[in-house]
Structures are given as C-alpha cells and as structure tokens.
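> sequence first, then the predicted structure, then my questions.
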Amino acid sequence: MSVFKKIFKSKQQYKIYLLDDSKVFAKGMEVMLNNILTDKYQISIFFDTNFLLKEIRNNSADLLIMDYNLDEDSSIAGVDLIAKIKKEFPNIYIIVLTAMNDHEIAKQCFDLGANNYIVKNNLEIKKTANELANKISLLLN
C-alpha cells in the first residue's frame, strides 16, 4: 500500500470505543465487529471509565459503545458516564449496550443524550453484534 493510501485511509477511519466490565464479552464483541464492519472503523476496548475518559480527552472518539451496568471498580456509573461524556464531548455518539431490558432505564439513557439503546443477549452474541454493526453504520455514515 502506498504512503498516500495509508494516509488517506487513516483519515477516513472512525474511532469506536467499547466500554464493558466483562473482558470476555468486550473482546468477543471486538472480534465480531471487526469481522462484520469494514476497515474504516477502528475499535478499541476499555474496561475502566478512568482509562476511557483519559483516552477520549487525548484522542477523542466518534462513537462510544458502553455497558449500562459497570462493576463497582468503575469510578463512574453508567448513567453518570453518559451525562459526563455528553457534557464534555457532545459530538460523540453513544450506544448503550446492556442486558437491562428496562424501558425506564432506556428512557433515562436517551434523556441524557444516548443515541441508541441495545439489549445484549449473551447467548446470541452474533445477533447482538449484527444489530450493533447496523446501528454503528447508521450513526457514522
């Protein structure tokens, strides 16, 4: 690949950050999304809100996919993280990917600025990955 193609390609990539406290789920979803999406999407995974926020402040992002229920090791709860991201970085799209099939929680996420809310199914991860890939394509294209 020529230097020009590499530069042009890198400028066309969308940065997607995936935050989930389950390393197994996050790594599996990263692999599946990389297999579904084209190379214009660069996916990075995070397990901790502090590292995520530091990376966003240093390198920005186009889209954040985040779990709503983060474990107690996370410094910021899911709902608070949505508000914080939207206040500091209003141009970042947010997709909440969670096992919580609760309309009130979904409404709260949308009210705080989330762009989408997907209920993940750990037993049908491929179906979840395809639904997520469709939402990513709609938001970033």
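Ah, there it is.

> going by C-alpha atoms from here, please, whenever you check contacts or count neighbours.
Will do.

> where do the helices sit along the protein?
Ranges of helices in the chain, per DSSP state H, are 3-12, 23-36, 49-59, 78-88, 103-112, 125-140.

> got the phi and psi for residue 60?
Main-chain dihedrals, residue 60, degrees, to the nearest 10: phi 60, psi -170.

> just want the most central residue of this protein.
residue 65 (1.6 Å; C-alpha atoms, centre = their mean).

> ok, that residue touching residue 19?
Yes. When contacts are counted by C-alpha atoms under 8 Å, residue 65 is listed as touching residue 19 (6.2 Å).

> who wins for proximity to residue 94 among the helices of the chain?
helix 78-88 (7.6 Å; C-alpha to C-alpha).

> and the closest one, average pLDDT?
Computed over helix 78-88, the mean pLDDT rounds to 91.

> so what secondary structure elements neighbour that helix?
helix 103-112 (3 or more C-alpha pairs under 8 Å, 6 or more residues apart in numbering; DSSP states H and E).
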